[in-house]
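Chemist: Here is my input; please provide its structure:
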Amino acid sequence: MMPVTLPASPAVGMGAAAAFGKRLGQLRRRLARDNSAVAFVEFALSAPVVLTMGLLGTETAYFVIAHMQVSQLAMQVADNVSRVGEQDVLTARRVFDSDINESFVGAEKLGANLGIFDRGRVIVSSLQRNGQGGQWIAWQRCRGAKNHTSSFGLQGTGATGTSFAGMGRPGNLITASPGTAVIFVEVAYDYRSLTPFQAYNGNVITYTAAFNIRDSRDLTQLYDDGPTATCNVFSAARPT
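Modeler: Numbering: from 1, shown residues only. All right, here's what the predicted structure looks like:
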């Protein structure tokens, strides 16, 4: 004769559910009183926020430093070119292409950590007076792989007449006095982020600087004595 299995009574099922609920409540109360590993949990929750803030702060600081370095580089190049020329106290100094190239080498060393010529461009202009008393860009030399032309005029601008007012921002134009010249330098640089946060990546940092020439200078021309850093070449390499 086959055994017959009787279904469990409702009272038994309800008892098991009650026991499980009681154990679950006890576990919940025990977990509520348990404060072990609180620091670890807090760190796990706060670490992403702290790390993000730290990296963003680092990126911002590096971006500000890059601005300062580009600004200092523009001033250094303008100052150097304003002083160059052959050392002859009896005649007006002649300035050669090699003098400008050497100033670019100085910029290369100063901006080595930025890769100034790989991601940027340095433009040197000699602002002078033309025959009619107007401003003109007598010569201009450039170096750098960045495709950037002068924002303030190309070589030969203002050669005649008085329509060219000078170089610089509107309302703050730089002009040359009779018988002298102003060395005007423009630096443009593509910023590259240091951290994975690319909030500033691709920003173009531009600065200008201007210095009056220091000595009596031959203003008739920039003398050719070798490689010329022409402005129609976009390369980080030294002119050859």
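
Chemist: Tell me how many other residues surround residue 21.
Modeler: 10 (other C-beta atoms under 10 Å). Every residue, glycine included, has its C-beta placed from N, CA and C.

Chemist: Now do the residue nearest the centre of the chain against residue 78, distance only.
Modeler: Among the residues of the chain, residue 191 comes closest to the average C-alpha position under C-alpha atoms, centre = their mean, at 3.6 Å. Noted for residue 191: a distance of 21 Å to residue 78, by C-beta to C-beta, to the nearest Å.

Chemist: Could you do residue 16 as well?
Modeler: 89 Å.

Chemist: of those two, who's got more company?
Modeler: residue 78 (23 against 10).

Chemist: got the contact list for that one?
Modeler: 124, 183-185, 209-211 (C-beta atoms under 8 Å, 6 or more residues apart in numbering).

Chemist: Pretty sure it sits in a helix.
Modeler: Yes. With DSSP: H, G, I helix; E, B strand; the rest coil as the criterion, residue 78 is part of a helix.

Chemist: Let's see which of the contacts of residue 78 end up in helices.
Modeler: Judged by DSSP state H, helices contain none of the contacts of residue 78.

Chemist: Residue 161: which of these is nearest?
Modeler: Using C-beta to C-beta, residue 184 comes nearest to residue 161 of the contacts of residue 78, at 19.5 Å.

Chemist: Which residue ranges of this structure form helices?
Modeler: 10-33, 38-83, 97-110.

Chemist: which sections of this protein are below the confidence cut-off?
Modeler: Regions of the chain meeting the criterion pLDDT under 70 cover residues 1-14, 31, 34-38, 40, 42-43, 89.

Chemist: Recalculate using a threshold of 90.
Modeler: 1-58, 85-93, 194-199, 202, 214-216, 226, 240 (pLDDT under 90).

Chemist: between the contacts of residue 78, which is nearest residue 158?
Modeler: residue 184 (12.5 Å).
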